[in-house]
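> 3D, please:
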Amino acid sequence: MKSKTEYLFFETPERRALVNITGRLEKLVAGSQVQEGLCLVSAMHITAGIWVNDEEEGLKQDVMDWLERLAPVADYRHHRTGEDNGDAHLKRTLMHHQALLPVTKGKLDLGPWEQVFYAEFDGRRRKRVVVKIIGE
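This is a model prediction of the structure:
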């Protein structure tokens, strides 16, 4: 079995952002020499997530608006720690922190419109994503 581990680093200027990372993942999969296997993409920070969906501006704004309605900026008990990002933790919980993607014939095997996004909910500082590719 082959395996490859890489880290992607992000520092978004905005507090909230969706960054399309599909192309970067495709290059990592191609370089892994894995023909049949899996690609795990996992945000390694508790205020960031991974989202698989369409690269369409209206949908991206809709999901961010939806998350804001479900977990608005507010005065959370978490803020008693001195932090001000309680909403970011909740948004990450709703979006989820990782995705497991199939690798087929040496390529990411995504649906016709699927793209992979790094979702940032408390940006303006350096964060990372681990990418683990395993298979034959």
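
> The residue nearest in space to the middle of the chain pairs with what?
Centroid-nearest residue in the chain, with C-alpha atoms, centre = their mean: I50, separated by 2.2 Å. Beta-bridge partners recorded for I50 (DSSP bridges): Y118.

> which residues touch it?
Taking C-beta atoms under 8 Å, 6 or more residues apart in numbering, we find I50 in contact with 41-43, 95-99, 116-119, 129. Glycine gets a C-beta too; all of them are placed from N, C-alpha and C.

> Quick check: longest helix in the protein by residues?
helix 57-70 (DSSP state H).

> any idea of the angle the following helix or strand past that one forms with helix 57-70?
Later in the chain than helix 57-70, the nearest helix or strand by DSSP states H and E is helix 86-95. Compare the direction of helix 86-95 with that of helix 57-70 by axes from the mean of the first three to the mean of the last three C-alpha atoms, to 10 degrees and you get 120 degrees.

> still on that earlier bit, give the buried residues for the longest helix of the chain.
K60, V63, M64, L67 (16 or more other C-beta atoms under 10 Å).

> tell me the mean pLDDT for it?
Averaging pLDDT along helix 57-70 yields 98.

> That helix - contacts with which helices or strands?
strand 17-20, strand 48-54, helix 86-95 (3 or more C-beta pairs under 8 Å, 6 or more residues apart in numbering; DSSP states H and E).

> List of residues touching that helix?
Contacts to helix 57-70, defined as C-beta under 8 Å, 6+ apart, come from residues R16, L18, W51, N53, D87, L90, K91, L94, M95, F117, F121.

> and if we set it to 10 Å?
Helix 57-70 is contacted by residues 16-18, 20, 49, 51, 53-54, 56, 87-88, 90-95, 113, 115, 117, 119, 121 when judged by C-beta atoms under 10 Å, 6 or more residues apart in numbering.

> Filter the residues you listed down to the buried ones, PyMOL style.
PyMOL command restricting the contacts of helix 57-70 to the buried ones, with burial defined by 16+ other C-beta under 10 Å:
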select buried, resi 16+17+18+49+51+87+88+90+91+92+95+115+117+119+121
